[in-house]
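Enquirer: Please work out how this folds:
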Amino acid sequence: MSTPAHCPICSGPSGRRLLCLEFSEKQHLPQRIDLALCAVCNFAFSSPRDARAYERYYSSNTNDTLGADLSLSKSEERRYSGQIDALRSLLEQDGPLRILDIGCGQAGLLRMLKQRYPNNRYYAADPNFEATQKSSRGIEFSCSWKNLDQKFDLIILSHVLEHVVDFAEFCPLPDLLRDGGHVYIEVPDALSYQAYPRQEYLYYFDRLHINHFTLDALRALITRWGLRWGGSGGRREFEYKDGSPYPAIHLLATTPGGAAVEQTPRGDPLVDSLLTYLTNESRRSQSIRSLLRQAGPVVVYGFGDNFFRSVGPQGPLSEADITVVIDRRHALLSQSLYGSRYRFMDIDTCCAAYPNATYVVTVSWGGAQVRSELQRRGIRNIELI
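Expert: Just a heads-up that it's a prediction; the model follows:
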């Protein structure tokens with residue numbers, strides 16, 4: 001393994017390296033990542049961390065995921081309601097309040113806040129703001145929070161910091177807060193990965209979720225920004241897009257910055273939880289490998305990051321006899337450097353040619369729908385990983 005970077009929070013040398021993963025070529029993203037742990041901050045992070053490369057990646061994907069329909073699903077409504085409940089004591093103060101959501105995406109949380117607390121003023125910052133604002137009246141949008149010169153009573157960072165390469169980028173955040181203002185932070189709960197296993201192998205480790213937080217780590221980070229933790233925060237779960245529960249942690253930071261957070265871990269050591277998760281994933285992978293060794297020819301549906309995690313050392317597909325890979329980009333992939341390693345086909349051609357093979361679905365979203373589509377075409381041996 002390569003030597004990982006220093007801890008992005010405390011800048012100290014990283015400790016134990018827990019994992020190395022290799023992925024496909026993807027515009028601007030690293031093909032190989034190392035996962036390392038900082039015991040001082042009780043924090044895990046991946047490297048390499050090329051800020052410019054990640055900025056180019058996110059810029060190239062701006063507006064790719066936004067559709068015209070910005071209506072909220074029932075699961076999204078429940079998710080945002082949980083966040084609003086955590087903020088209720090602030091939201092019910094005498095207003096109107098100025099509220100800014102950084103990295104708002106489709107502004108679902110702000111739209112629900114506006115319905116419940118219409119007297120407040122709402123601001124959103126996201127590269128996708130031009131597409132989102134068309135269906136979000138009453139919310140002022142900007143492509144970057146750094147362009148704003150107002151001061152706010154509440155700033156929201158909801159599932160943003162797990163993607164941030166350079167935390168120093170947020171050092172100016174306190175300058176946007178009014179006296180007594182707050183910052184609400186919510187991120188995935190790395191201490192709970194082992195308690196919330198998902199269908200995808202090593203799901204929680206990819207190239208976009210590059211930071212894995214505990215409450216200790218968040219407290220250390222806000223201290224670096226000159227903010228103070230007021231004691232409010234904890235764990236929660238919400239219904240994710242696939243219907244399964246997802247673990248999160250949240251806290252409220254406030255001004256002024258004062259005494260530094262003590263840098264010794266106060267919660268459970270993150271390393272123990274991550275090692276438990278990795279051990280459980282290894283056992284699950286071993287069971288799938290044993291099944292596929294006896295399956296004969298294997299057809300894999302999906303050539304994304306979950307495929308590459310699965311074919312890596314000790315992954316569930318590492319010993320499989322992969323005959324064909326089904327992917328919508330089959331023609332392009334056949335001409336790529338992967339064309340010499342794998343045979344790519346469209347779904348119709350493959351199902352007609354290999355009706356009795358074992359099909360393994362590795363897509364991160366819509367696996368159940370893919371299974372139904374394969375069954376409709378007469379395929380009976382199907383595994384989802």
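Enquirer: Please make it C-alpha for all contacts and neighbour counts, starting now.
Expert: Noted.
Enquirer: need the next SSE after the helix or strand of the chain with the lowest mean pLDDT, C-terminal direction.
Expert: Least confident helix or strand, the chain: helix 129-132 with a mean of 58, by mean pLDDT, DSSP states H and E. Toward the C-terminus, helix 129-132 is succeeded by strand 139-142 as the next helix or strand (DSSP states H and E).
Enquirer: Show me what that next one packs onto, helices and strands only.
Expert: strand 121-125, helix 129-132 (3 or more Cα pairs under 8 Å, 6 or more residues apart in numbering; DSSP states H and E).
Enquirer: strands paired with that strand, and their directions?
Expert: strand 121-125 (parallel) (DSSP bridges).
Enquirer: Would you mind writing the CA trace of the partner strand as CSV?
Expert: Taking C-alpha atoms only, strand 121-125 is exported to CSV below (Å, rounded to 0.1, in the frame of the first residue of the first chain):
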residue,chain,number,x,y,z
ARG,A,121,-35.8,33.5,4.9
TYR,A,122,-34.1,30.6,3.1
TYR,A,123,-30.9,30.5,1.1
ALA,A,124,-29.3,27.6,-0.8
ALA,A,125,-25.9,27.0,-2.2
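Enquirer: List the contacts of Glu22.
Expert: Glu22 makes contact with 31-33, 308-309, 312 under the criterion Cα atoms under 8 Å, 6 or more residues apart in numbering.
Enquirer: Return the member of these nearest to Ser11.
Expert: Proximity of these to Ser11 (Cα to Cα) peaks at Ile33, which lies at 18.8 Å.
Enquirer: would the closest one count as being in a strand?
Expert: Yes: according to DSSP: H, G, I helix; E, B strand; the rest coil, Ile33 belongs to a strand.
Enquirer: Name whatever forms a beta bridge with it.
Expert: Beta-bridge partners, per DSSP bridges, of Ile33: Leu21.
Enquirer: and it, what does it touch?
Expert: So Ile33 contacts 20-22, 46-48, 207 (Cα under 8 Å, 6+ apart).
Enquirer: Closest one to Leu292 out of the contacts of Glu22, please.
Expert: Nearest to Leu292 among the contacts of Glu22, with distances taken as Cα to Cα, is Gly312, at 15.1 Å.
Enquirer: distance of the closest one from Asn147?
Expert: Taking Cα to Cα, to the nearest Å as the measure, Gly312 and Asn147 are separated by 43 Å.
Enquirer: of those two, who's got more company?
Expert: Neighbour count, other Cα atoms under 10 Å: between Gly312 and Asn147, Gly312 has more, with 16 against 9.
Enquirer: give me the number of residues near the closest residue to that one other than its chain neighbours?
Expert: Distances taken as Cα to Cα, 6 or more residues apart in numbering put Ser318 closest to Gly312, at 5.8 Å, once the chain neighbours are dropped. Counted by other Cα under 10 Å, the residues lying close to Ser318 total 18.
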